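> fold the following.
(2 chains, ligands or ions: 2)
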Amino acid sequence: MQYAVQTIGLTKIFNDWWGRPKVRAVEELNLTIRYNEVFGLLGPNGSGKSTTLKLLLGLLYPTKGRAIVLGGDGDDPKINRRIGYLPEESYLYRYLNPRETLDFYGRLFGLPSKIRRERTEALLEMVGLKAVANRPIGTFSKGMARRIGLAQALINDPDLLILDEPTSGLDPIGTKQIKDLIRTLASRRKTIILCSHLLADVEDVCDRIAILYGGRIRAEGPVKELLQRSDRIQISTGPVSQQTIEQIRQLLAQEAGQVDVSSPMERLESFFMRIVSEAQARAQPTSGAISTTQIGSFLAGQPSGDLLERLTESVEQPQPATEQSATRPIETPTPVKQEILDQLVYRPEDQQDKGQG
Amino acid sequence: MISWSTGQRISRTRGRVSMGKILAVATNTVRQVVRMRIAVVFFVLLLVILPVLAAASTGDGTVKGRLQTFVSYGLSLIGLLVSLLTIIAMTYTTTADIVQCQVHTVLTKPIRRYQFILGKFLGVMIVDVVVLAIMSGLVFGITIYSPRLFRIDPEQMEQLNNEFFTARNALRPTEPDVSKEVEELYQRLVTSQELEQVFKGLPREQVIARLTQQKRLEKRAASVGQELMWEFHNVRLADPNGSLFIRFKYNVSSNPIDLQISSQWLVGDLRQLNQGVQVGTPIYRVERKDPVRTFREFAVPADAVAKDGYLAVAFLNDLDNDTVVIFPLDEGLEVLYKAGGFTANLLRGVLLILVRLVFLAAVGVFAGSFLSFPVAILLCLLVLFTGSTSGFILESFSFLGKNLSVIYDYTLKLLVQALPRFDLMNPTKFLVSARLIPWSLVLWQGGGPILAKALVLLATGLWVFRSSELARTTV
Ligand SMILES: Nc1ncnc2c1ncn2[C@@H]1O[C@H](COP(=O)(O)OP(=O)(O)O)[C@@H](O)[C@H]1O
Ligand SMILES: [Mg+2]
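Ligands and ions are numbered 1, 2, ... in the order given. Okay, the predicted model is just below:
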């Protein structure tokens, strides 16, 4: 039980209807995730992240290889007892309300009703859905359902939390809450697997990451190490004259003096792009999405600019050369729509009042 | 941020926890089924139809006829709708959670897959039992209160109590041994070479079977002025002060103008007449006029049975008639006697329906474990339909030609025979003629084998489900 999660040559090939291999979703995956680690599984769409998680949990069976979760089998109830899982979509019963949902999942853990009630209320409070706790989930927005999905994954206070793109559909506050939650849980010595393509999230909270592409790991290691480029040296000083720089260069050529020399930190985004495009350049097969920087020409014609500008544009400048404008006088420009501003500007007390995302 | 004040271990006995999990899934399934609306629609439909049916059913115009029609159609309708409900709910609830992926959140919790499916099964059965209980309660209520509504006189009420609100056992005369006559007839046909002409190419056993039936009917036919007598031995009645009910149906060779048959009956220890012995027990003489081709019955006091349990029933085809009267085989003539109450009988009848529902639910689990929702429904409907008409289907097999029947014997027929005979388990047949539904039918003849088959199907479904790859979407 050295690792919280270990996979040995884990391979998943999806066959088509005739049994012919069609999609190589995960190939020869050797992952090791330690206890009390926040592990980020990155990769473009269709790179095999969700498939890996489903293999860990026994929702899919590996074509080859093995996955050991918390020292056992991912679909053994004894192991499940210690796992919390938030799938890629929330997958809840639409006719249950949040309270009933959490109570139901709590019962599956055999939690006594008192503890179920306590935890349900605490979790509803945490995800900010207490005010709508009696409305069926079918009426929720994606982000609201996501919050219940998260609460559901926490009902047993899991030792291993598996989150598949937890922030998808969430607003910025929800996203920040998830990051806070991950940090808190990490400080409580929990193990967390975080699957995402939102690099900023991962960069902030993960101890270690692996980048998947085409079902294979392309890079793996502690975030700090991966982002450190040892082939470059960055020198930072205060403002200095050209002459001094010249002198430093000379000095450096001979021997290092009183200068601050460090490795430059790369942004995860550029690192990720580099790894993925390297893999693409080598024409490595993926059954997922191939990312390009090209934008469809019909989209490229769209005027660029600030979101607010675009939203208010049509109000301020009525479309020219339409028949309407010929017959009707041009309306006086109206100011920026207040509701649009309201929606875009975050106000914390709103959040509290409505208790929703 | 959330704080878990206690890191307490949940210590409980395993059994209780796992039952708790099954119950959690069951409750959730009940909600799911209720949310499907179909249960609600069926429920409301029955709630509306049953009283309307009660008002609309007239039967033969008598109160008894009304009640018979109502109970017959009412229970059949309930049975059919609840069967459909079971099929739809069971296949939906087992397939929908996989298609809509809720299993991803549910089955990654510490619950075993068999517990999950058992929970679903239990949930559907809970809905079934509730709907069935309410609906049959309604039928019961309407039936019980109808006589008051019609303000019938005490005499009619007594007749109702004897012939409808009761549960009776039947005595049937033993069929006379006609094998010798049949054999002779067969040989005669062979030597006169008429056999080929009459029964074209039928195998020997089937020719014999038909000849036997023909001979037996001959023994149950009375030409004008002729009499027929049936004897019963070892008749033991629970209540010697009660009544016997002679139930019969006339088939005729040619229709009388008024479609009625006049008759005279003698019921009692008729040995006394023949041997000129002193009359010890009463012999009842009854004169009647009854319509043809409908079941009729009349009552005589139970003391007609002799001390040694002997009873004879004699029928005289009256000289007024001008047709041969034939009592059809099996139900053509029976002697009924009270053996239980109406309420308990109705309850057993509802249990018969429930047995059918358990079986259908098991078929639903089985079908849902490897088929998509619409296909699974189709399979279940096929099972329901075949099971309900299997008697008819099996019978029609026996009329197939020699060559075809070999093929069917080893394919379809085996399948049909493997299915439960729902047609034999139909409670309305019993309740309409106020016949006792024996516990043996509910438990052993019908219930036992059917429930055993249900168990096999359920186990197979669980096994398939246990080893299936849940996150695997099949397109
Ligand atoms: N049930 C399935 N049947 C066939 N192919 C699948 C199935 N599930 C996933 N795939 C394929 O496997 C690849 C990896 O998918 P997934 O793991 O969901 O990617 P992601 O990294 O975006 O989570 C994709 O090409 C996807 O189309
Ligand atoms: Mg995914």
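> any idea how far the closest residue in space to A:G106 that isn't next to it in sequence is from chain B?
Closest residue in space to A:G106, ignoring its immediate chain neighbours: A:R116 at 3.8 Å, by CB to CB, 6 or more residues apart in numbering or on different chains. For glycine as for every other residue, the C-beta is placed from the backbone atoms N, C-alpha and C. For A:R116, the distance to chain B equals 10 Å [CB to the nearest CB, to the nearest Å].
> list the contacts of A:R116.
A:102-103, A:106-107, A:155 (CB atoms under 8 Å, 6 or more residues apart in numbering or on different chains).
> so is the residue nearest to B:V129 when sequence neighbours are not counted in a helix, a strand, or just coil?
Of all residues not flanking B:V129 in the chain, B:L354 sits nearest, at 7.1 Å (CB to CB, 6+ apart). What DSSP: H, G, I helix; E, B strand; the rest coil gives for B:L354 is helix.
> next, count neighbours for B:L354.
Using other CB atoms under 10 Å in any protein chain shown, B:L354 has 20 neighbouring residues.
> ok, now which ones touch it?
The neighbours of B:L354, taking CB under 8 Å, 6+ apart as the test, are B:128-129, B:132.
> now, among those, which is nearest to chain A?
Set against chain A, the nearest of the contacts of B:L354 by CB to the nearest CB is B:D128 (19.6 Å).
> work out for me the element the closest one sits within.
helix B:113-149 (DSSP states H and E).
> just after that helix, pick out the following helix or strand.
helix B:154-163.
> ok, and for that next one, which residues are buried?
Residues of helix B:154-163 classed as buried by neighbour count (16 or more other CB atoms under 10 Å in any protein chain shown): B:159-160, B:162-163.
> so B:G280 touches B:A304, yeah?
No: between B:G280 and B:A304 there is no contact under CB atoms under 8 Å: 11.4 Å.
> mind giving me the ChimeraX command for buried ones among the contacts of B:L354?
Filtering those down to the buried ones (16+ other CB under 10 Å) takes a single ChimeraX command:
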select /B:128,132
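> where does the stretch 251-357 of chain A have low pLDDT?
Residue ranges of the stretch 251-357 of chain A with pLDDT under 70: A:253, A:255-266, A:283-357.
> swap that for chain A, please
For chain A, the ranges with pLDDT under 70 are A:1, A:228-238, A:253, A:255-266, A:283-357.
> quick one: the residue positioned nearest the centre of it from A:R188, how far?
In chain A, the centroid-proximal residue (CA atoms, centre = their mean) is A:S196; its distance is 3.1 Å. To A:R188, A:S196 is 21 Å away according to CB to CB, to the nearest Å.
> what do you get for B:S390?
63 Å.
> who has more neighbours out of those two?
B:S390 (20 against 12).
> how about the residues of the stretch 251-357 of chain A near chain B?
When proximity is defined by CB under 8 Å from any CB of the partner chain, the stretch 251-357 of chain A lies next to chain B nowhere.
> interface residues of the stretch 251-357 of chain A facing ligand 2?
Proximity of the stretch 251-357 of chain A to ligand 2, by CB under 5 Å from the ion, involves no residues.
> so B:S262: helix, strand or coil?
Secondary structure, three-state DSSP: B:S262 is strand.
> tell me who's in contact with it.
B:S262 sits in contact with B:287-289, B:318, B:320-321, where contact means CB under 8 Å, 6+ apart.
> could I get those residues as CSV with distance to A:N45?
Compiled in CSV, these are given as follows (distance: CB to CB, whole Å):
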residue, distance to A:N45
B:E287, 92
B:R288, 86
B:K289, 87
B:D318, 92
B:D320, 93
B:N321, 89
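> can you select the buried ones among the residues you listed for me in PyMOL?
A single PyMOL command suffices to select whichever of those are buried according to 16+ other CB under 10 Å:
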select buried, chain B and resi 288+318+321
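> looking at the contacts of B:S262, which is nearest chain A?
B:R288 (61.8 Å).
> quick one, domains of the chain?
The chain I'm using is chain A. Listed domain ranges for chain A are A:1-82+A:158-227+A:266-292, A:92-152+A:327-357 (source: automatic domain parsing).
> my bad, chain B
Looking at automatic domain parsing, the domains of chain B come to B:20-166+B:342-467, B:179-340.
> comparing those, which comes out most buried?
Stretch with highest mean neighbour count among the domains of chain B: domain B:20-166+B:342-467 (a mean of 19; mean count of other CB atoms under 10 Å in any protein chain shown).
> now the end-to-end length of it.
Terminal residues of domain B:20-166+B:342-467 lie 23 Å apart, using CA to CA, to the nearest Å.
> dihedrals phi and psi, the residue in the stretch 151-300 of chain A that chain B sits nearest to?
The nearest approach of the stretch 151-300 of chain A to chain B comes at A:D157, 4.9 Å away (CB to the nearest CB). The phi/psi pair for A:D157 (degrees, to the nearest 10) reads phi 50, psi 70.
> tell me the buried residues in the longest strand seen in chain A?
The residue-count maximum for a strand in chain A (DSSP state E) belongs to strand A:3-15. Neighbour-count burial for strand A:3-15, counted by 16+ other CB under 10 Å, picks out A:3-7, A:10-14.
> which one of those is nearest to chain B?
Distances from chain B to the buried residues of strand A:3-15, taken by CB to the nearest CB, are shortest for A:F14, at 7.8 Å.
> quick one: the residue nearest to A:G106 is in a helix?
Yes: using three-state DSSP, the assignment for A:R116 is a helix.
> please report the distance of B:K289 from B:N251.
17 Å.
> ditto for A:I83
A:I83 is 73 Å from B:N251, by CB to CB.
> go on, A:S187?
91 Å.
> over to B:Q445?
From B:Q445 to B:N251 the distance is 29 Å (CB to CB).
> again with A:T11
Taking CB to CB, one finds A:T11 at 75 Å from B:N251.
> and for B:I407?
Distance from B:I407 to B:N251, by CB to CB: 35 Å.
> and for A:G149?
Going from A:G149 to B:N251 by CB to CB gives 71 Å.
> still on that earlier bit, which residues does the residue nearest to the centre of chain A contact?
A:40-42, A:165-167, A:202.
> same thing but 6 Å
Contacts for A:S196 (CB atoms under 6 Å, 6 or more residues apart in numbering or on different chains) come out as A:165, A:202.
> what are the phi and psi values for it?
Per degrees, to the nearest 10, the backbone of A:S196 is at phi -160, psi 160.
> for it, name its beta-bridge partners.
Residues in a beta bridge with A:S196, per DSSP bridges, are A:L42.
> wait, is B:D409 part of a helix?
Yes: B:D409: assigned to a helix according to three-state DSSP.
> do you know how far it is from B:V416?
Distance from B:D409 to B:V416, by CB to CB: 11 Å.
> kindly report the same for A:G71.
52 Å.
> what residues does chain A put near ligand 1?
Counting by CB under 6 Å from any ligand atom, chain A comes close to ligand 1 at A:14, A:23, A:25, A:43, A:45-51, A:287-288.
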